[in-house]
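# The following block contains a protein sequence and its predicted model.
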Amino acid sequence: MTNPRKMVQNFKNGMGILSGAMPETIPALGAFINTAQKEGVLTCREKELIAIGVALYTGCNECIAVHCQKAFEAGCTRPKFLRLPVWPSSSAVVPCLLKAQPFFRIA
């Protein structure tokens, strides 16, 4: 598995390339995401934990890495990650938790 920090940097580099290729679209997408991530009914930390759950379910390693980093930045701790709710409809509960373990090193 690739180093999670490198995955986050690769994601940022890729977004920079896309911004250059799509100068109106990508910055607008970024503004939308920033607005959606503002504190409201849910905290930023709660929103990032939800995003991690979605990323684990879809299996997107880059999304897992980016959202783990953002969750740590928002105040999440390793013990809180271990209390993430797991949906019983997922037959891959243990593999998802094992898959997420390397990303906890981002903090």
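Alright, I've got the coordinates.
# show me where pLDDT drops low in this structure?
1-2, 82, 84-107 (pLDDT under 70).
# Could you pull out the helices in it for me?
Taking DSSP state H as the criterion, the chain carries its helices at 4-21, 25-36, 44-58, 61-73, 78-81, 93-100.
# Same question for the longest one: list its buried residues.
What that stands for is helix 4-21. By neighbour count, and taking 16 or more other Cβ atoms under 10 Å as the criterion, the buried residues in helix 4-21 are 4, 7-8, 11. All C-beta atoms are positioned from the backbone trio N, CA, C, and that covers glycine.
# Same question for the fourth one.
Of the residues in helix 61-73, 61, 63-72 count as buried by neighbour count, 16+ other Cβ under 10 Å.
# again with the fifth one
Of the residues in helix 78-81, those scored as buried under the neighbour-count criterion (16+ other Cβ under 10 Å) are residue 81.
# Ramachandran angles for residue 42?
Main-chain dihedrals, residue 42, degrees, to the nearest 10: phi -110, psi 150.
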